[in-house]
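In: need the 3D shape of this:
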Amino acid sequence: MWNYRKTIFTSIRSRIFIFYFILLSLFLVITVPLIFRFVSSAIANRVTEDIREEVEILEGLLDNDSRIKSKLALKNQEIKYPKDAGQLANLFNIYLSRRIPEDDTYLIGVLNKDFYRSSPEALPKILQPESPLMQSLIKIQTFQEGIKLQPNTKTGNILYIVKPIHFQEQIIGRLIVVHAVRGEQEEAFDTLKIVFWVMIGVFILSVVVTWFMAGKVLSPLSSIISTAIKITETNLNERIEVQTSGELAELTNSFNAMMNRLEAAFVSQRHFMNDVGHELRTPITIIRGHLELIDLDQASGIEQDTINLVIDEIDRMSRLVDDLSLLAKSERPDFLLLETIDAQSFLDTLSTKVQALAHRNWQFQIKVKGVLVGDRQRLTQAVMNLAQNAVQHTQESDRITLGASLNHGKLRIWVQDTGEGIDLSEQERIFERFARVKNSHRHSDGSGLGLSIVRGIVEAHRGSIQLQSQPGTGSTFLIVIPLNPLQA
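Out: This next block holds a predicted model:
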């Protein structure tokens, strides 16, 4: 049975789609965290450069640097290096009054170990003079820059630089520059959310486009598959239109060329079978006619036996020729002579005919009401061949069942026996021409074409034949044909 789920997940198109889906997913999973990390690192580097600049400006004032004084509009003012906390307070007043830091950046002046002044004056709770963080920064004795992790606060992590100011190896104060990174991180996160949703949109669009593009690229393969499914011995006319280039075009051309060779081989085979049937029938008839003219009363016993043996073999050869001709005709459009058939009456007649084949335990399971369109003679021949096959592989005590049912627009006819059965390895080839079951305990006088003829008749009716068998338990042949092959 065709498994939809299995086909979906094992087709080339699906595998390409799944591979591309996984590749894009990995790209998305890896890229978003990397972008966030790079953006966060870039923010930290920029902020660090900004707060370093504040320290450099204070150092310039301490050195009476004209460039720094010009930047702070103190060009004509002499700045002396502070010798005590009082002078440092004056310097802080000049510096803090002229520096307006960026958002979330705070400049804090410390005299000795006491908070003096900040810019801006409003500080968040975590940077208040008595806060643990501020007290830890005030106690730093050497130049230091770093980060204080504050994950559960409104300010977030704190980047800081502590610049101690010395006079005669004594610390008279400190400049503390801090920056709360929460604001930049939220802005970066908002931007990343936009980038993320854009990437999701591109991802979905890429996946959808991939699915359709894979289908477009692989459409010649789909055509090859659908064409191959349609191909039978009676339908070798299917070809695939070349609509692409490259390897798939070569594959399509090779497939069409193979079909041309295959069709030529089958046509040649049919012509050969027709020719054999036609050429052999005449000499067989002539030979048999001359043998029948011999007066057996004047022949010796050995001569009579020889003549009877030759006639018997000629009759067998004649049946073989008839079977070959029938197989050749089964592939022609005019093979069937369709008519409307009453199913019950047809099967009742078959029941009577099969019982005349041999003495067996015949059973019948026929409950059909309705009509079908088919060739009465060919269908009779198909069922009789199956029954004859069952007789040849059973004994008198074995049971042979002829059954039929009619539903869902199809007629099912089966022949079931309790004979020797067929090995699984033989079931694939049993419908081939001249095929015989190996290791069979029964001898068959047939040509080996009976089941091939059955299959030809059934397929001509747009039907199918199935076999279920186990060695030692018997076999069941099932014919399934539509009630009207013209509409199938």
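In: show me the chain divided up by domain.
Out: Under the TED database, the residue ranges defining each domain of the chain are 14-187, 247-327, 333-436+444-482.
In: what about the second one, average pLDDT?
Out: Mean pLDDT, taken over the full extent of domain 247-327, equals 76.
In: again, but for stretch 417-427
Out: Mean pLDDT, computed over stretch 417-427, is 85.
In: end-to-end on it?
Out: With Cα to Cα, to the nearest Å applied, stretch 417-427 spans 16 Å between its terminal residues.
In: make 50 the first number, not 1, from now on.
Out: That works, and once the first residue is 50, the last one we named lands at stretch 466-476.
In: mind checking the SS state of Phe413?
Out: Secondary structure state of Phe413, per DSSP: H, G, I helix; E, B strand; the rest coil, is strand.
In: what is the burial count for it?
Out: Each residue near Phe413 was counted by other Cβ atoms under 10 Å, and the total is 16. Just so you know, the C-beta spots here come from the backbone N, C-alpha and C atoms, and that holds for glycine as well.
In: can you name the residues that contact it?
Out: Ser400, Thr450, Leu451, Gly452 (Cβ atoms under 8 Å, 6 or more residues apart in numbering).
In: and the host helix or strand of the third one, what does it pack against?
Out: Pointing back at Leu451 there. Taking DSSP states H and E as the criterion, the element that holds Leu451 is strand 448-456. Using 3 or more Cβ pairs under 8 Å, 6 or more residues apart in numbering; DSSP states H and E as the contact criterion, the neighbours of strand 448-456 among helices and strands are helix 392-404, strand 410-415, helix 425-441, strand 459-466.
In: hey, what's Val227 bridged with?
Out: Under the criterion DSSP bridges, Val227 forms beta bridges with Tyr155, Tyr209.
In: now the strands: where do they sit in the protein?
Out: Per DSSP state E, the chain carries strands over the ranges 154-160, 163-168, 193-197, 207-216, 219-229, 388-391, 410-415, 420-423, 448-456, 459-466, 513-519, 523-531.
In: where among these is average confidence lowest?
Out: When the mean pLDDT of each of these is compared, strand 193-197 ends up at the bottom with a mean of 83.
In: which residues sit against that strand?
Out: Around strand 193-197, the neighbours that count as contacts under Cβ under 8 Å, 6+ apart are Ala93, Thr97, Ile100, Arg101, Leu182, Ser185, Asn206, Ile207, Leu208, Tyr209, Ile210, Val211.
In: right, and the fourth one touches Lys212 too?
Out: What it means is Arg101. No. The criterion here is Cβ atoms under 8 Å, and Arg101 misses it with Lys212 at 9.9 Å.
In: turn the helices and strands packed on strand 448-456 into a markdown table, columns for distance to Leu241.
Out: What follows is the helices and strands packed on strand 448-456, written out as a markdown table (distance: least, Cβ to Cβ, whole Å):
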| stretch | distance to Leu241 |
| --- | --- |
| helix 392-404 | 73 |
| strand 410-415 | 73 |
| helix 425-441 | 73 |
| strand 459-466 | 62 |
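In: quick one: closest of those to Gln234.
Out: Proximity to Gln234, assessed across the helices and strands packed on strand 448-456 by Cβ to Cβ, is greatest for strand 459-466 (70.7 Å).
In: show me what the closest one is in contact with.
Out: Counting contacts by Cβ under 8 Å, 6+ apart, the residues outside strand 459-466 that touch it are 392, 396, 417, 421, 432, 435-436, 438-439, 442-443, 447-455, 512, 523-532.
In: what sits against the closest residue to Arg231 other than its chain neighbours?
Out: The spatial neighbour of Arg231 that comes closest, neighbours along the chain excluded (Cβ to Cβ, 6 or more residues apart in numbering), is Gly205 at 3.1 Å. The neighbours of Gly205, taking Cβ under 8 Å, 6+ apart as the test, are Gln199, Ala229, Val230, Arg231, Gln234.
In: just the ones of those residues in helices?
Out: Taking DSSP state H, the ones among those that sit in helices are Arg231, Gln234.
In: residues near Arg62, how many?
Out: Neighbours of Arg62 using other Cβ under 10 Å come to 20.
In: same question, Thr429
Out: The criterion is other Cβ under 10 Å. On that basis, Thr429 has 15 neighbouring residues.
In: the nearest residue to it once chain neighbours are set aside: neighbour count?
Out: Distances taken as Cβ to Cβ, 6+ apart place Leu399 nearest to Thr429, at 6.5 Å, with adjacent residues excluded. Using other Cβ under 10 Å, Leu399 has 20 other residues around it.
In: now Thr525
Out: Under the neighbour criterion other Cβ under 10 Å, Thr525 is assigned a count of 18.
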